[in-house]
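# Could you work out the structure for the sequence below:
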Amino acid sequence: MDGRRCMRSGVHKWEAVREFALGLPEAFEDHPWGPEDCVVKVNKKIFVFLGNTDGPGQPGLSVKLKDEALHGHAMAAPGAEPTGYGLGRSGWVSVPLAGKGAPSVQVLCEWVEESYRTVALKRHVKELDARIHAED
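Sure, this is the predicted structure:
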């Protein structure tokens, strides 16, 4: 995959993950450090760092994964690493969205949902579970 196609793939995934995250109960977008740093929060707590798609590097995201199996799966993704600024010690993982072996949108959304469940209030999780059961 050439660099431009790889970047487009990463941007597509970024947009899909952002849309998914904003669809979770009471989730909202914020830019606490300026327009180049997009995060999605619930109850004033960040559950996904999205960065931006305008920079020179590949798009990526950071999520908090307390479940050991999910954390291990995320860390096994090509280019994945513990999130900087000491967040990695609390289970945060940063994952590139493009490139060979990059996680699918479905997997990324599963990680975002798990991160949401980790920081959301019980009533938010209950609302999410009710939505999921209504779709079944």
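# Quick check: what element follows the lengthiest helix in the chain along the chain?
Longest helix of the chain, by residue count under DSSP state H: helix 3-22. Sequence order places strand 28-30 as the next helix or strand after helix 3-22, per DSSP states H and E.
# pLDDT of the helix or strand that that next one is followed by, averaged?
Going down the chain from strand 28-30, the next helix or strand is strand 38-42, by DSSP H and E. Strand 38-42 carries an average pLDDT of 96.
# what packs against strand 38-42?
Packing contacts for strand 38-42, counted by 3 or more CB pairs under 8 Å, 6 or more residues apart in numbering; DSSP states H and E, involve helix 3-22, strand 28-30, strand 45-51, helix 105-119. No exception for glycine: its C-beta is placed from N, CA and C like everyone else's.
# What residues sit buried inside the helix or strand that contains His71?
Assigned by DSSP H and E, His71 belongs to helix 68-75. Across helix 68-75, burial judged by 16 or more other CB atoms under 10 Å covers 70-71, 73-74.
# Of all pairs in the residues you listed, which one spans the longest distance?
Using CB to CB, the buried residues of helix 68-75 span at most 7.3 Å, a distance reached by His71 and His73.
# overlap in contacts of the two?
Shared contacts of His71 and His73 (CB atoms under 8 Å, 6 or more residues apart in numbering): none.
# Check which helices and strands the helix or strand of the chain with the lowest mean pLDDT is in contact with.
In the chain, no helix or strand scores lower on mean pLDDT, DSSP states H and E than helix 3-22, which sits at a mean of 82. In terms of contacts (3+ CB pairs under 8 Å, 6+ apart), helix 3-22 is packed against strand 28-30, strand 38-42, strand 45-51, strand 60-64, helix 105-119.
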